[in-house]
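In: Below are the sequence and a predicted model; questions follow.
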Amino acid sequence: MSGGRTTAVPPSAQVGPPAPITEADRALVALEPKLIAVRRELHAHPEVGFDVSRTAVRLAEAFESLGLSVRTGVGGTGVIADLEGDHDGPRILLRAELDALPVREATGLAFAGTGAAGHLCGHDVHLAAALGVAEVLAARRDSLAGGVRFCLQPAEELLAGAAPMVADGVLDGIDAALGAHVLSALPYGTVSVNPGVVLAGADFFRVIVSGGAGHAGTPGQFADGILAAAHITTALQAVVARETPAGELLVIGLGAVHGGNAANAAPEEVTLLGNVRWLDVATAGRARRRVEEVGSGVAAALGCRVTVEWTGHAPVLANRPELAAMAREAIQADGLADVTEIPPLTASDDFAELSARVPGLFLGIGCGGPGSAPHHHPLFTVDERAVLLMARVLFRALVRLLRRVP
């Protein structure tokens, strides 16, 4: 889930999932130590973007050991693993993400990632839960009507990994798509199930400001790209504050500024990395146009030039209401978790590239609560009980989908 504003919810009265009551539940509970160990192993070796070869190989081998048909290199570095039941039925895709963030972890955990990357969003939890679901389903394929495709996607944090996998056939023969994400603002034991919009749409951009290199102590001899970049950063906020009608959701944010490496030398280029978040496609189109106009206009006024590149995209992510109702029923049937509905978040996820093409369901799994560090923060952590809870919720949702999707 590519970051945005999240909304905290009150603590749930639910103290945690009840004791297992089905054979599959008991099997998943028995797997919990193994799944947590997998999560910690992945957490200790974060990889980012499309450069996820170690993680992809580790998961491909794990799914292959369960007897699934595995294909690697899908959409670049993605993995798909197909589990076919012994009986005819629908085919459901379950998505989990391979990538971490280019943010240094500061949790101090014994299994914390080292270097400049960290699993500070929860994708390691999603992968471990998906593996648990696969293991339990694989042992029961003789009673499975239909099939499950496990989609292990790179570059979700760039909003760039799902579309290439779609182009490479990940949705071929698929009747519905299922995904879930841990939520730090939601207490453990709580699952969010929205009947409509879950996450905002988003576009990522790179603004390259070209000025003129020179001695930083000689003003008037070159156009100052750093000054222009600073004014562009400020001016973009006016698009939200002064041009966007009240009640219309729009976020324009900058996440990185790169330019120069010396106190006394002006750089030729300064790069701004940012994002636009929206719920309405007309708003999105206007915002994209204004990013280019404001960037070019401000830069030109200060003697610089601008190039704008659009590097990532995700549509608005919305659940099919009938699938959301099915999931709510499956989770609440025996009190597996406390089910809630939360306002749409201004975070985004390119799972929406899948759910825009086939019926989709995207669930939120509580892993924290009030006071927890937010996603993408160096101190982000999860309540590891969420690994098992996610596996159990996904398993039940899959079973219901296999029964209900025509």
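Out: Right, received. Where do you want to start?

In: so where's the protein shaky on pLDDT?
Out: Within the chain, the ranges that satisfy pLDDT under 70 run 3-20, 405-406.

In: quick one: contacts for Ala373?
Out: Listed by CB atoms under 8 Å, 6 or more residues apart in numbering, the contact partners of Ala373 are 184, 379-381. (Glycine included, C-beta is placed from N, CA and C.)

In: Report how many residues lie close to the nearest residue to Ala287 once chain neighbours are set aside.
Out: Leaving aside its sequence neighbours, Ala287 sits nearest to Val276 (CB to CB, 6 or more residues apart in numbering; 4.7 Å). For Val276, the neighbour count with other CB atoms under 10 Å is 27.

In: now the helix or strand hosting Val276: how far from the chain's centre is it?
Out: Using DSSP states H and E, Val276 maps to strand 269-278. Strand 269-278 has its C-alpha centroid displaced from the chain centroid by 18 Å (CA atoms, centre = their mean, to the nearest Å).

In: For the residue nearest to Ala287, give me its contacts.
Out: 202-203, 205, 250-252, 284, 287-288, 291 are the contacts of Val276 under CB under 8 Å, 6+ apart.

In: tell me which residues form a beta bridge with it?
Out: Counting by DSSP bridges, Val276 forms beta bridges with Asp203, Ile252.

In: What ranges does the chain have for its helices?
Out: 23-44, 53-65, 123-138, 162-167, 225-241, 281-301, 321-332, 352-355, 385-404 (DSSP state H).

In: JSON lines for these, including distance to Ala180?
Out: Converted to JSON lines, the helices of the chain look like this (distance: least, CB to CB, whole Å):
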{"stretch": "helix 23-44", "distance to Ala180": "14"}
{"stretch": "helix 53-65", "distance to Ala180": "17"}
{"stretch": "helix 123-138", "distance to Ala180": "7"}
{"stretch": "helix 162-167", "distance to Ala180": "15"}
{"stretch": "helix 225-241", "distance to Ala180": "30"}
{"stretch": "helix 281-301", "distance to Ala180": "25"}
{"stretch": "helix 321-332", "distance to Ala180": "10"}
{"stretch": "helix 352-355", "distance to Ala180": "13"}
{"stretch": "helix 385-404", "distance to Ala180": "6"}
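
In: The ones you listed: which one's closest to Thr271?
Out: helix 225-241 (8.2 Å; CB to CB).

In: And stretch 296-316, what's buried?
Out: 296, 298-299, 302, 304-306, 308, 312-316 (16 or more other CB atoms under 10 Å).

In: Figure out how far that stretch is from the centre of its chain.
Out: Centroid separation between stretch 296-316 and its chain, computed with CA atoms, centre = their mean, is 25 Å.

In: okay, how far is it across that stretch, tip to tip?
Out: Using CA to CA, to the nearest Å, one end of stretch 296-316 lies 28 Å from the other.

In: Would you format the buried residues of stretch 296-316 as CSV with distance to Leu120 included?
Out: Below are the buried residues of stretch 296-316 laid out as CSV (distance: CB to CB, whole Å):
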residue, distance to Leu120
Ser296, 34
Val298, 33
Ala299, 33
Leu302, 36
Cys304, 34
Arg305, 35
Val306, 31
Val308, 28
Gly312, 18
His313, 23
Ala314, 19
Pro315, 25
Val316, 24
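
In: now, which of the residues you listed sits nearest Arg39?
Out: Of the buried residues of stretch 296-316, the one sitting nearest to Arg39 (CB to CB) turns out to be Ala314, at 25.0 Å.

In: Surely the closest one is in contact with Leu159?
Out: Yes - using CB atoms under 8 Å, Ala314 is in contact with Leu159, at 4.6 Å.

In: Now list whatever residues contact both of these two.
Out: In contact with both Ala314 and Leu159: 2, 202, 348-350, using CB under 8 Å, 6+ apart.

In: ok so, going back, and the helices of the chain: which comes nearest Ala106?
Out: Nearest of the helices of the chain (CB to CB): helix 23-44, 13.8 Å.

In: quick one: buried residues of that closest one?
Out: 24-25, 27-29, 31-32, 35-36, 38-40, 42-44.

In: Extract the CA atoms of that helix and return them as PDB.
Out: What follows is helix 23-44, C-alpha atoms only, in PDB (Å, rounded to 0.1, in the frame of the first residue of the first chain):
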ATOM      1  CA  GLU A  23     -10.100 -28.500  10.500                       C
ATOM      2  CA  ALA A  24      -8.700 -25.800   8.200                       C
ATOM      3  CA  ASP A  25      -8.500 -23.400  11.200                       C
ATOM      4  CA  ARG A  26      -6.700 -25.900  13.200                       C
ATOM      5  CA  ALA A  27      -4.200 -26.500  10.400                       C
ATOM      6  CA  LEU A  28      -3.600 -22.800  10.000                       C
ATOM      7  CA  VAL A  29      -3.100 -22.300  13.800                       C
ATOM      8  CA  ALA A  30      -0.600 -25.200  13.800                       C
ATOM      9  CA  LEU A  31       1.300 -23.300  11.000                       C
ATOM     10  CA  GLU A  32       1.500 -20.100  13.000                       C
ATOM     11  CA  PRO A  33       5.100 -20.500  14.200                       C
ATOM     12  CA  LYS A  34       6.300 -21.400  10.700                       C
ATOM     13  CA  LEU A  35       4.500 -18.400   9.200                       C
ATOM     14  CA  ILE A  36       6.000 -16.000  11.700                       C
ATOM     15  CA  ALA A  37       9.400 -17.500  11.000                       C
ATOM     16  CA  VAL A  38       8.900 -16.900   7.300                       C
ATOM     17  CA  ARG A  39       7.700 -13.300   8.000                       C
ATOM     18  CA  ARG A  40      10.800 -12.600  10.000                       C
ATOM     19  CA  GLU A  41      13.100 -14.100   7.400                       C
ATOM     20  CA  LEU A  42      11.600 -11.900   4.700                       C
ATOM     21  CA  HIS A  43      11.600  -8.900   7.000                       C
ATOM     22  CA  ALA A  44      15.400  -9.300   7.600                       C
END
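
In: Taking their axis directions, it and helix 385-404 sit at what angle?
Out: With axes from the mean of the first three to the mean of the last three CA atoms, to 10 degrees defining the directions, helix 23-44 sits at 130 degrees from helix 385-404.

In: Run through who's touching helix 23-44.
Out: Counting by CB under 8 Å, 6+ apart, 20, 55, 58, 62, 109, 111-114, 119, 124-125, 127-129, 131-133, 135-136, 139-140, 384, 387-388, 391-392, 395, 399 sit against helix 23-44.
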